[in-house]
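Asks: Sharing a model that was predicted from the sequence below.
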Amino acid sequence: MKKILSFLFVLTLLMTLWTGCEHKPMPSPADPVTLTMWHVYGSQTISPLNAVIDDFNRSLGSEYGITVNVVSVTSSSAIDKALSASANNEPGAEAMPDLFTAYPRVAEIVGKGNLLPWNEYFTEDELSAFHAEFLTEGYFGEHLLMLPVAKSTEAFFLNKTLFDRFSADTGITVDDLATFDGVFSAARAYYDWSDGQNFLQINDYYHYAYVGMKAYGGELVRGGRLRLDEEAFRTIWLPLAKTAIYGGICLDDGYAAARWKTAEIIANTGSTADVLYQPSAVIYPDNTTEAIEAAALPYPIFTDEENGVIHRGGGLFAMKSEDERRNQAAVIFAKWLTQKEHNLEFVTNAGYLPVKDEALDALFADLNGIQKENYRSVYAAVDRMLDGYTFYALPLYDGASEVQHDFEANVKAVLKSAHNQYKKRVGEGEDPEKTMEALVQSSLAELISLSGK
């Protein structure tokens, strides 16, 4: 069956290339092409994309004389910096890769005119097979410069083994974690129950604020700047700040998965792709280990009227080459990678979503086909969100990446300072409620000031 599918794919590909790109040189075993690639899928573990690329190199790539050579698997922020260094010919910079995965913001760094417009190589029928919301994000004017190859959204991850013990003592249940009010209430209770342990890490405060303000009819960003002085932001800030200042939220930098391993936290909000790094056991300070059950839940909601979540994940960019064989090689690889069976193999081993409607339908038609229980839990949570959530793409504006980075840093710094003040002042005998109220208000004022508003 695989051979038949491969033959049909090659035949379709050849017809497309002959129709749309007549008389253009093509790679071949006699005239081979090697494409270098940087990507982000699996920088801390075995890469599921590398495995699929190896399959391409052995199969269709071999037939065409194409080799995709992965030279870097790292984070999106590291790719941003490396691309900037390469584009600006900085001393010691790596050569610009032929292919890379990144967020739309890098188009300005590399230069839009230097990027391959995928829509000049894909037919309208081929593009119509992609999930429309995923495809739209990659357009810059009339040019599709970022091709979706894997998308993620956000979920609430829970160490259910430790949570069940907490639940048995407090009566707080998994159902209480459906809303942020419930999550924050649980976090404060857990801090007391565990003698001062954090319950939760929020991986993206910018996402929390963006979705939360939408829920209350506001906009985090308007006119290219943050609107932290709006009532909607105040509404979502107060319960977050109260919980963080009390002690239920981890405010340190670093990955949630690392803190899961040592039970420093037992829950986090983050990308569905976090499941790739999720540990199956925890290690306690005395070096004993315990196997754990992990569960994924839908992203908590703010109000019953408006349920929202960010859809995230970058896409595939290709550097445009004067050697048309290299452009054709990139297109052949991109079409192969986004074909249903290859795309599903890649994304379901990484906690992502496939990018074509046919593959999305196939995935959610039968989740029992997903072997790993924690992955199945992630896709079950996404399936529930697909039913009643609005999926938002983050806005693009000048300096968006820097604004987001600064916002994350400022939120953590402000709340960490307020938490330390709270412990000190209450320890010295100040009234807890009055101290909390004062610090919640002063932390908001400080954050607005730091944001320059």
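Replies: On my side now, so go ahead. Numbering: from 1, shown residues only.
Asks: Every contact and neighbour count from this point should use C-alpha atoms.
Replies: OK.
Asks: What segments of the stretch 101-250 of the chain are strands?
Replies: Secondary structure of the stretch 101-250 of the chain, counting by DSSP state E, counting those that start in this stretch: strands at 139-140, 143-144, 152-159, 200-202, 221-222, 225-226.
Asks: Run through the neighbouring helices and strands of the longest one.
Replies: Contact analysis of strand 152-159 by 3 or more CA pairs under 8 Å, 6 or more residues apart in numbering; DSSP states H and E lists strand 267-271, strand 294-298, strand 308-312, helix 373-388 as its packing neighbours.
Asks: center of this protein, which residue is that?
Replies: Geometric centre of the chain, nearest residue: S271, 4.3 Å, by CA atoms, centre = their mean.
Asks: That residue and E154 touch, don't they?
Replies: Yes - using CA atoms under 8 Å, S271 is in contact with E154, at 4.3 Å.
Asks: For the helix or strand harbouring Q404, what does the pLDDT average out to?
Replies: In this structure, Q404 sits in helix 400-427 according to DSSP states H and E. Taken as a whole, helix 400-427 has a mean pLDDT of 95.
Asks: quick one: buried residues of it?
Replies: Residues of helix 400-427 classed as buried by neighbour count (16 or more other CA atoms under 10 Å): 400-401, 403-404, 407-408, 410-416, 418-419, 421-423.
Asks: Next secondary structure element downstream of it?
Replies: Using DSSP H and E, the next helix or strand after helix 400-427 towards the C-terminus is helix 432-450.
Asks: List the buried residues in that next one.
Replies: 436, 439-440, 443-445, 447-448.
Asks: Adding distance to A334 and pLDDT, write those out as CSV.
Replies: Converted to CSV, the buried residues of helix 432-450 look like this (distance: CA to CA, whole Å; pLDDT from 0 to 100):
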residue, distance to A334, pLDDT
M436, 53, 98
L439, 52, 98
V440, 49, 98
S443, 47, 98
L444, 46, 98
A445, 48, 97
L447, 43, 97
I448, 44, 96
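Asks: So which helix or strand of this protein has the lowest pLDDT on average?
Replies: Ranked by mean pLDDT, DSSP states H and E, the helix or strand of the chain with the weakest confidence is helix 2-20, at a mean of 49.
Asks: Quick one: name whatever helix or strand follows it.
Replies: With DSSP H and E, the next secondary element past helix 2-20 is strand 33-39.
Asks: what helices or strands is that next one leaning on?
Replies: Helices and strands touching strand 33-39, by 3+ CA pairs under 8 Å, 6+ apart, are strand 66-73, helix 76-87, strand 99-102, helix 324-337.
Asks: Apply 7 Å and report the result again.
Replies: With contacts taken as 3 or more CA pairs under 7 Å, 6 or more residues apart in numbering; DSSP states H and E, strand 33-39 sits against strand 66-73, strand 99-102.
Asks: thinking again about what came up before, just send the helices and strands packed on strand 152-159 back as JSON lines, with mean pLDDT and distance to A168 too.
Replies: Converted to JSON lines, these look like this (pLDDT from 0 to 100; distance: least, CA to CA, whole Å):
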{"stretch": "strand 267-271", "mean pLDDT": "96", "distance to A168": "17"}
{"stretch": "strand 294-298", "mean pLDDT": "97", "distance to A168": "17"}
{"stretch": "strand 308-312", "mean pLDDT": "91", "distance to A168": "30"}
{"stretch": "helix 373-388", "mean pLDDT": "94", "distance to A168": "22"}
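Asks: quick one: contacts of stretch 186-194?
Replies: 172, 197-200, 243, 246-249 (CA atoms under 7 Å, 6 or more residues apart in numbering).
Asks: give me that answer again for 10 Å
Replies: If you take CA atoms under 10 Å, 6 or more residues apart in numbering as the criterion, stretch 186-194 is touched by 163, 166-167, 169-170, 172-174, 176-177, 180-181, 183-184, 196-200, 242-249, 266-267.
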